[in-house]
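Participant: Predicted model, plus sequence, below.
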Amino acid sequence: MHRHMARDESTMGVSDTAPLWERVRFDSNGLIPAIATQSGTGEVLMMAWMNRETLRETLETGRAVYWSRSRGRPWRKGETSGQMQTVLSVRLDCDGDTLLLEVDQKGVACHTGRRSCFYLEIDPSGNVRELCAPEVDPAVLYGDAAKG
């Protein structure tokens, strides 16, 4: 049985000296890829970037917080769209350079209005096809922000 990250007191106030920071290998930009999967199904929802600050906030709050490279600031998943991710567990791969988040996704994960960001399939000939249509109009989720 998984527990909500925010209620796990061992993660509250993760200090800079916690063993975690000795094992996480951020890239030269201070980032690490984070793959979000749906709890219970294992469905891959999205990949985003985290830095030390956003990983710490994710562990402390139990809400997914990523680093927006385009905005140059933390991105709290769902802050604009309401499509939040409650983080149930965080795993670090064997090399320490990728995170795997098990989340409970509210609504859709993709900014295109689809459940998963991985909705395009490439066949052996290099043709690309869409596996699913948007469930929600991005303009409804993001308003003017969806226009670019």
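Facilitator: Received the coordinates, thanks. Model, not experiment: these values are computed from the prediction.

Participant: what's the spacing between Val87 and Val136?
Facilitator: Separation of Val87 from Val136 (CB to CB, to the nearest Å) stands at 22 Å. All C-beta spots, glycine's among them, are computed from the backbone N, C-alpha and C.

Participant: The two: who's more crowded?
Facilitator: Ranked by neighbour count (other CB atoms under 10 Å), Val87 and Val136 place Val87 first, with 26 against 16.

Participant: Just to check, that one is in contact with Gly62?
Facilitator: Yes - here Val87 reaches Gly62: they are 5.3 Å apart, a contact under CB atoms under 8 Å.

Participant: which element is the residue nearest the centre of the chain on?
Facilitator: Per CA atoms, centre = their mean, the C-alpha nearest to the average position across the chain is that of Ala36, at 4.7 Å. Ala36 belongs to strand 32-38 when assigned by DSSP states H and E.

Participant: Sheet-wise, list the partners of that strand with their directions.
Facilitator: Strand 32-38 sits in its sheet next to strand 44-50 (antiparallel), strand 99-105 (parallel), going by DSSP bridges.
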